[in-house]
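Asker: below are the sequence and a predicted model for it; my questions follow.
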Amino acid sequence: MESAEDEMLQIDVVVSPAAGEVRQIGVRLPVGSSVRDALRHSGLCLPASAGEGSTLKVGVWGQLKPLDHLLRDRDRVEVYRPLLIDPKDARRRRQRTTCNRKRSPP
């Protein structure tokens, strides 16, 4: 006979509020819980855009999912930050900075 503990899902919720900073918390939820439930129960400070009907981007194991996606045991819910700069532009800027440093006389 299964106990109530056996009918719970163990979910990890991960958010990176800033570059190089990662917060992760484990939550136990009943079977049939959604991504939205995991976010609510995590207690993590989410962006202000995390409200109802938001455009918050979340995923499970690196795959974008809607907030009503049903979770399975041991899933990892990831909250994605919006990009502040296009990755290609950021790389070009870093490259220019690196090249300029190498060309400068010592």
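Answerer: Cool, the structure landed. Remember, it's a predicted structure, so these values are computed and weren't measured experimentally.

Asker: what is the end-to-end distance of stretch 44-63?
Answerer: Stretch 44-63 has an end-to-end distance of 21 Å (CA to CA, to the nearest Å).

Asker: and the strands in the chain, which stretches?
Answerer: Under the criterion DSSP state E, strands of the chain are mapped to 8-18, 21-30, 57-60, 63-65, 76-80.

Asker: now these in JSON lines, with mean neighbour count?
Answerer: C-beta here means a position set from N, CA and C on the backbone, and glycine is covered the same way. Formatted as JSON lines, those follow (neighbours: other CB atoms under 10 Å):
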{"stretch": "strand 8-18", "mean neighbour count": "16"}
{"stretch": "strand 21-30", "mean neighbour count": "13"}
{"stretch": "strand 57-60", "mean neighbour count": "17"}
{"stretch": "strand 63-65", "mean neighbour count": "12"}
{"stretch": "strand 76-80", "mean neighbour count": "19"}
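
Asker: with mean pLDDT and distance to Gln95 added, can I get these in TSV?
Answerer: Formatted as TSV, the strands of the chain follow (pLDDT from 0 to 100; distance: least, CB to CB, whole Å):
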stretch	mean pLDDT	distance to Gln95
strand 8-18	93	23
strand 21-30	94	25
strand 57-60	94	28
strand 63-65	96	29
strand 76-80	95	25
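
Asker: CSV for the ones you listed, including distance to Arg40?
Answerer: Below are the strands of the chain laid out as CSV (distance: least, CB to CB, whole Å):
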stretch, distance to Arg40
strand 8-18, 10
strand 21-30, 9
strand 57-60, 12
strand 63-65, 16
strand 76-80, 11
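
Asker: I appreciate the help and will end here.
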